[in-house]
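K.L.:
Requesting a structural model of the entry that follows:
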Amino acid sequence: MKLKDKVAIVTGGASGIGEATVRLFASEGASVVIADRSALGEKLARELGASGFAAHYSEVDVSREDDTRRLIDDTVNRFGRLDIMVANAGIAHPSAPVEDVSVEQWQQMIDVNLTGVFLSNKLAIVQMKKQGSGGAVVNMASILGHVGMPGAASYNAAKGGVVNLTRSLGVAYAKDGIRVNAVCPGFVATPLIERASGEARARLVAAHPVGRLGQAAEVAKAVLFLASDDASFVVGTSLIVDGGYCAQ
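P.N.:
Here you go, the predicted structure:
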């Protein structure tokens, strides 16, 4: 019960790494708010509630400040406080050379994957400072915040921004007992990747020295570590969880 009596928000919590994180946090004793724009989030909250866990779904567009402020206010009104913010919500676009990326596509990526993280961090920190008892913020970055990939310029830029935003906020708010860190996953088995051609999937698998793709539950365990008191001396770091991809 590493998160006993803690209150957590997980953005993008309806599926994938977010869902795995929600389930793990609930099992570790946290009250969890699933922030998403998918009906799957409401279904997940009902399922967890039926199993005796404290879970609530909130429909949120993380790129909108008013939405994110409402999310945090509703969380505090419902559960009394906010201890953990997991800024996981994000999008991806099909691979394309930069000359084919429109300004609108670029802006959408920055709005959700970088501005959305900024807003979640900013408003969670405001609440945590008001409470005066510290807290933990975990941002979902990516290995593509550390290494470049052809055809992913806007995603690379956004995730690189998340990595450095995490460093900046980590050193700025450590004195307040608020730890800001990030997780940088490698390629994780998702329905999208599973639908890829055998050749494409084989290339992704081969790029990881462990010889396989990651699992959402493996990344969620890294998020749990950074959110828990086990990481009490970890500040401003980006924890790479990639089966050796970046070590090559």
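K.L.:
Point out where this structure drops to low pLDDT.
P.N.:
192 (pLDDT under 70).
K.L.:
What helices and strands are in contact with the lengthiest strand in it?
P.N.:
Ranked by number of residues, the top strand in the chain under DSSP state E is strand 178-185. Contact partners of strand 178-185 among helices and strands, from 3 or more CB pairs under 8 Å, 6 or more residues apart in numbering; DSSP states H and E: helix 116-131, strand 135-140, helix 153-173, helix 216-227, strand 238-241. For every residue, glycine as well, the C-beta is placed using N, CA and C.
K.L.:
For it, which strands pair with it and how are they oriented?
P.N.:
strand 135-140 (parallel), strand 238-241 (parallel) (DSSP bridges).
K.L.:
Can you pull up the most central residue in this protein?
P.N.:
Nearest to the geometric centre of the chain sits N88, at 2.0 Å (CA atoms, centre = their mean).
K.L.:
That one touches G12, doesn't it?
P.N.:
Yes. Between N88 and G12 there is a contact at 4.3 Å, judged by CB atoms under 8 Å.
K.L.:
Now list whatever residues contact both of these two.
P.N.:
G18, M140 (CB atoms under 8 Å, 6 or more residues apart in numbering).
K.L.:
If we go by neighbour counts, what in stretch 78-85 is buried?
P.N.:
F79, R81, L82, D83, I84, M85 (16 or more other CB atoms under 10 Å).
K.L.:
ok, and the closest non-adjacent residue to S63?
P.N.:
D111 (4.2 Å; CB to CB, 6 or more residues apart in numbering).
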